[in-house]
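A.B. asks: I would like the atomic coordinates for the input below:
(chains A, B and C)
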Amino acid sequence: MRAFALVDCNNFYVSCERVFNPKLEGRIVVILSNNDGNVISRSPEAKAAGIPMGAPWHEVRPELERVSGLALSSNYVLYGDMSARVRMIFDELAPSVEVYSIDECFLDLGNIAGLDLEAHGREIGQRVRQWTGIPVGVGIGPTKTLAKAANRLAKKNGGVFSLFEKAAIRAALAGMDARDVWGVGSRWSKKLEERGIHSALALADADPRFIRKGFSVVLQRTCYELQGISCIALEKAPPPKKQIIVSRAFGKKVTTQQDLKEGVSYYMTRAAEKLRSGRLAARTLSVFAHTNHFSKKDHQYSSATSVSLEVPTDNTGELIHHALEAIERVYKPGYRYHKAGVMLLDLSPAESTQTELFATDSCWQPELMQAIDTINGQMGRGTIRYGSEGFRTTWRRKSNHCSPRYTTRWDEIPKAGN
DNA sequence: TCTGGGGTCCTAGGACCC
DNA sequence: TCTGGGGTCCTAGGACCC
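C.D. replies: Numbering: from 1, shown residues only, chains lettered A, B, ... in the order given. The predicted model follows:
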């Protein structure tokens, strides 16, 4: 029998902070996105207080202060490390695991003789809680979509919920809106409602051919999955990346080409690191910059350009060189730039890269890149960097309320007794 | 003053080939 | 008067996810 478990960490970012700062327990706490822009994680108390997910901080800040709520900048180094710790526990408790996001994994629990699924779900929850301090919910079902649905119910039912019997599945889906089904977003849920499909059960009972015709094969699969027919397999190994994007809003509006170039150099450095960590090389790169489209008084401008290389590369210096030439074409004076970014496309495995007989601009320095990565890995990001990134901090992101990197830096390790 | 970042997949339509 | 058929590749846009 097929059985999937979806384990997700409750309020993951807030929970990570609470592990190291117990004073946050019981309080209204939110975590802010990059640049302290939006609310991206909320403690249960913050949810109860009606702070909406995704709300711009500047909008909810007065209310948050009124109720003595706390806002923290996101600390991705900490969350990434905690995520890896949680994942290691799953590896011990399931034969295969798909890492679905930073706070969610699918586990394959099918065809294990004598396994009591719910008891195993409780074991998973207890072990993660005890070993990492992170609370999780476990949903179990015969398809990934039903495991997701069960996970919603797990939150209200002591952390574990399984959906296998037909009657139980129908009852659960009847009480669930179609818009809350995994794979149904706001556009499709609206369209479904126009066709009289309001509940998850109605979607399960819809004619898959009708869904295929009116929507797409993607929603048709969802429809089958709700019926208990598994169409979406567990991905044991992550598929190779197709693109790498690094982009950020600036801490302050950027007006000069020099600041834009420093930003792009920094983003490309990050992107090239990601590239090498996946043992990939890129043949196409693209850069973009735009003004703040929320602003009513600013003149709007947005532009992007891409560059194709003769030979794929993973060399930071070469990528920065092309990105800076490209950004000169993107930059137009007279605008207040809000955000810029780089994309790496046309990715291929680095070791099988074809060299070009007549290539003139190729620079392939694997030893240098490896040395830089090793030093930065040990001494901290940016210990060695390219000069084009600059030393000023004018354009860098705001992150004014960030907690220490408790688990990955010796000098920021938590101290007992104070 | 202030509104995130990073991905994937599918489809339709146009260009192009023989 | 009459103007083919089959196929691939690429891109833009739309949908979704966290």
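A.B. asks: any buried residues in the helix or strand hosting residue A:130, and which?
C.D. replies: Element membership for residue A:130 (DSSP states H and E) is helix A:117-132. With burial defined by 16 or more other C-beta atoms under 10 Å, the residues of helix A:117-132 counted as buried are A:117, A:120-121, A:124-125, A:127-128, A:132. Using the backbone N, CA and C atoms, a C-beta is placed for each residue, glycine as well.
A.B. asks: closest one to residue A:76 out of the residues you listed, please.
C.D. replies: Comparing these against residue A:76 with C-beta to C-beta places residue A:132 closest, at 16.9 Å.
A.B. asks: quick one: the next helix or strand after the helix holding residue A:130 near DNA strand C?
C.D. replies: Next helix or strand after helix A:117-132 toward the C-terminus (DSSP H and E): strand A:136-141. No. Strand A:136-141 does not reach DNA strand C (C-beta under 7 Å from any atom of the strand); its nearest approach is 11.4 Å.
A.B. asks: could you name the helices and strands sitting against the helix or strand following strand A:136-141?
C.D. replies: Downstream of strand A:136-141, the next assigned helix or strand under DSSP H and E is helix A:144-154. Using 3 or more C-beta pairs under 8 Å, 6 or more residues apart in numbering; DSSP states H and E, the elements in contact with helix A:144-154 are strand A:4-9, strand A:136-141, strand A:160-162, helix A:166-174, helix A:217-226.
A.B. asks: now the helix holding residue A:130: how far from the chain's centre is it?
C.D. replies: How far helix A:117-132 lies from its chain's middle: 24 Å, per C-alpha atoms, centre = their mean, to the nearest Å.
A.B. asks: now do it against strand A:136-141, angle only.
C.D. replies: Helix A:117-132 runs at 160 degrees relative to strand A:136-141, counting by axes from the mean of the first three to the mean of the last three C-alpha atoms, to 10 degrees.
A.B. asks: helices and strands around helix A:117-132, which ones?
C.D. replies: Checking 3+ C-beta pairs under 8 Å, 6+ apart, helix A:117-132 ends up next to strand A:4-9, helix A:76-93, strand A:136-141, strand A:160-162.
A.B. asks: ok, residues contacting that helix?
C.D. replies: For helix A:117-132, the external contacting residues (C-beta atoms under 8 Å, 6 or more residues apart in numbering) are A:3, A:5, A:7, A:9, A:19, A:82, A:85-86, A:89-90, A:93, A:107, A:109, A:134-138, A:140, A:159-160, A:162, A:164.
A.B. asks: mind doing that once more with 7 Å?
C.D. replies: Helix A:117-132 is contacted from outside by A:3, A:5, A:7, A:82, A:85-86, A:89, A:93, A:109, A:134-136, A:138, A:140, A:159-160, A:162, using C-beta atoms under 7 Å, 6 or more residues apart in numbering.
A.B. asks: grab the CA positions of it and hand them over as PDB.
C.D. replies: Taking C-alpha atoms only, helix A:117-132 is exported to PDB below (Å, rounded to 0.1, in the frame of the first residue of the first chain):
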ATOM      1  CA  LEU A 117       1.200   4.600  10.600                       C
ATOM      2  CA  GLU A 118      -0.300   6.800  13.200                       C
ATOM      3  CA  ALA A 119       2.000   5.500  15.900                       C
ATOM      4  CA  HIS A 120       5.000   6.100  13.600                       C
ATOM      5  CA  GLY A 121       3.700   9.600  13.000                       C
ATOM      6  CA  ARG A 122       3.700  10.300  16.700                       C
ATOM      7  CA  GLU A 123       7.200   8.900  17.000                       C
ATOM      8  CA  ILE A 124       8.400  11.300  14.300                       C
ATOM      9  CA  GLY A 125       6.700  14.300  16.000                       C
ATOM     10  CA  GLN A 126       8.100  13.400  19.400                       C
ATOM     11  CA  ARG A 127      11.600  12.800  18.200                       C
ATOM     12  CA  VAL A 128      11.800  16.100  16.300                       C
ATOM     13  CA  ARG A 129      10.500  18.000  19.200                       C
ATOM     14  CA  GLN A 130      12.800  16.400  21.600                       C
ATOM     15  CA  TRP A 131      16.000  16.500  19.500                       C
ATOM     16  CA  THR A 132      15.600  20.000  17.900                       C
END
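A.B. asks: can the strand or helix carrying residue A:188 be found next to DNA strand C?
C.D. replies: Per DSSP H and E, residue A:188 falls inside helix A:186-194. Yes. Contact of helix A:186-194 with DNA strand C (C-beta under 7 Å from any atom of the strand) involves A:186-189.
A.B. asks: selection in PyMOL covering whichever of the residues you listed are buried, please.
C.D. replies: Entered in PyMOL, the line below selects the buried ones among the residues of helix A:186-194 next to DNA strand C, by 16+ other C-beta under 10 Å:
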select buried, chain A and resi 188+189
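A.B. asks: could I get the residues of helix A:186-194 next to DNA strand C as CSV with distance to DNA strand B?
C.D. replies: Shown next, in CSV, are the residues of helix A:186-194 next to DNA strand C (distance: C-beta to the nearest atom of the strand, whole Å):
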residue, distance to DNA strand B
A:186, 13
A:187, 13
A:188, 13
A:189, 17
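A.B. asks: want to try CSV for the residues of helix A:186-194 next to DNA strand C, with distance to residue A:25 as columns?
C.D. replies: Below are those laid out as CSV (distance: C-beta to C-beta, whole Å):
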residue, distance to residue A:25
A:186, 34
A:187, 39
A:188, 39
A:189, 35
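A.B. asks: any chance of TSV for the residues of helix A:186-194 next to DNA strand C, columns pLDDT?
C.D. replies: Shown next, in TSV, are the residues of helix A:186-194 next to DNA strand C (pLDDT from 0 to 100):
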residue	pLDDT
A:186	94
A:187	94
A:188	96
A:189	96
